[in-house]
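*Asks:* Below are the sequence and a predicted model; questions follow.
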Amino acid sequence: MTRLYGETALGLAWIIALSSSLAVLFIGEVLGQTPCVLCWFQRAFMFPLAIVLGLGLWWRDTRVGRYAIALALGGGAVALWHLGLYGGLIPERIQPCTASGPSCTDDNQLVFGIPIPFLALIAFGLITLFSFLSLKERRS
């Protein structure tokens, strides 16, 4: 029962990571929206999550959740920072996106009216939660 519970949680985490990875590729490559600096950092955490969780499921290694937690927490920290910039909570003088490339705070950061950093934060949070649950042992 514990193994099935862990694999289900890992499967959900993998689906979120894979969906998020494919979504940002669609936004960038199909819709032509160039990612800002912080979006690139978030991608650097999300793309390996899809691979690591997928391999963990393939090899039935339920301990892979501990590596996913580390990656998801790192990506979540960047997403939280990005959301703070987008929301105006972090002063403009320390924004990494103003020097070159697309802005971290303009309307290009919206998908269906929702800020991309918020969607990323939710995805990283859910991946962290499901990865943590995959490590928990159920007691009868």
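*Replies:* Great, that's in hand.
*Asks:* Quick check, central residue of this structure?
*Replies:* Nearest to the geometric centre of the chain sits F124, at 4.0 Å (C-alpha atoms, centre = their mean).
*Asks:* For stretch 112-130, buried residues please.
*Replies:* 115-121, 123-130 (16 or more other C-beta atoms under 10 Å). The C-beta positions use only the backbone N, C-alpha and C, and glycine is treated the same way.
*Asks:* and it, what's its mean pLDDT?
*Replies:* Mean pLDDT, computed over stretch 112-130, is 94.
*Asks:* What is the helix or strand where E7 lies packed up against?
*Replies:* According to DSSP states H and E, E7 maps onto helix 2-25. Counting contacts by 3 or more C-beta pairs under 8 Å, 6 or more residues apart in numbering; DSSP states H and E, helix 2-25 is packed against helix 37-58, helix 65-86, helix 116-135.
*Asks:* Tell me what angle the shortest one forms with helix 65-86.
*Replies:* What that stands for is helix 116-135. Angle of helix 116-135 versus helix 65-86, following axes from the mean of the first three to the mean of the last three C-alpha atoms, to 10 degrees, is 160 degrees.
*Asks:* contacts for helix 116-135?
*Replies:* 5-7, 9-10, 12-13, 16-17, 20, 27, 38-39, 42, 45-46, 49, 53, 62-66, 68-69, 72-73, 75-76, 79-80, 82-83, 85-86, 109-111 (C-beta atoms under 8 Å, 6 or more residues apart in numbering).
*Asks:* what lines up beside the lowest-mean-pLDDT helix or strand in the chain in the sheet?
*Replies:* For the chain, counting by mean pLDDT, DSSP states H and E, strand 110-111 ranks last in confidence among helices and strands (a mean of 78). Under the criterion DSSP bridges, strand 110-111 sits next to strand 114-115 (antiparallel) in its sheet.
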